[in-house]
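S.K.: For reference, the sequence and a predicted model appear below.
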Amino acid sequence: MKLDRKPKVLFTINEIAERVKKLGMEISEDYDGEDIVVIPLLRGGFIFASDLVRELKIPVNIDFMTTSSYGHSEVSSGIVEIINDVRTNVKGKNVLIVDDIIDSGYTMEKVVEFVSMKEPESIKICVMLDKPSRREANISPDYVGFTIPDVFIVGYGLNYGDYYRNIPYIFTFDE
Ligand code: IMP
Ligand code: MG
């Protein structure tokens with residue numbers, strides 16, 4: 001699929017790498033002496049999570065959940081479905097949920113509610129991007145790569161029309 005709009009780079013490969021390294025240090029310090037279960041949300045969270053876990057200096061177990069939000073791809077419908085659950089028993093464990101972006105917050109709200117029922121010791125949220133101005137659900141991430149305004153983001157896991165998740169930098173479109 002060819003891009004029909006002009007891309008504008010928001011965060012370069014180097015800026016992303018630097019930020020992810022710092023997040024990894026911060027998370028490793030916060031969980032010092034403990035271990036965690038990292039749960040990347042598929043599909044969008046897979047690139048960020050794979051970079052992040054390689055910056056963690058603590059024992060890490062990784063398992064995946066797949067979420068889907070119905071409706072138009074650029075606007076969250078608020079109806080979130082858990083399509084695939086983790087296989088790991090997270091009861092009594094420290095869970096870190098990782099996603100590409102938090103927007104309305106409905107996805108995270110649903111995931112946190114769902115994972116809470118498994119009785120983990122703790123649940124925290126880590127996202128690469130936070131669009132706080134769009135928040136509708138009553139939830140906020142514990143770790144954020146970059147806080148951004150209300151613009152549509154592509155690359156580094158984020159899709160545009162089912163493509164471009166593999167683009168290694170974060171971009172938006174020129175108006
Ligand atoms: P929320 O449930 O509204 O917080 O949205 C979470 C999901 O919507 C993310 O995991 C993304 O898959 C998708 N999403 C939200 N904003 C963007 C964007 O700017 N670009 C691409 N996908 C987005
Ligand atoms: Mg997503």
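M.R.: Perfect, I can see it now. Ligands and ions are numbered 1, 2, ... in the order given.

S.K.: What's the mean pLDDT across stretch 17-24?
M.R.: For stretch 17-24, the per-residue pLDDT values average out at 98.

S.K.: Tell me where this structure has helices.
M.R.: Applying DSSP state H to the chain gives helices spanning 13-30, 46-53, 106-116.

S.K.: deepest of the ones you listed, which one?
M.R.: helix 46-53 (a mean of 21; mean count of other CB atoms under 10 Å). From N, CA and C alone the C-beta is placed, and that goes for glycine too.

S.K.: That helix and ligand 1 in contact?
M.R.: No: using CB under 6 Å from any ligand atom, helix 46-53 stays clear of ligand 1, coming no nearer than 10.4 Å.

S.K.: What is that helix packed up against?
M.R.: helix 13-30, strand 36-42, strand 60-62, strand 94-102, strand 122-130 (3 or more CB pairs under 8 Å, 6 or more residues apart in numbering; DSSP states H and E).

S.K.: Could you rerun that using 7 Å?
M.R.: Using 3 or more CB pairs under 7 Å, 6 or more residues apart in numbering; DSSP states H and E, the elements in contact with helix 46-53 are helix 13-30, strand 36-42, strand 94-102.
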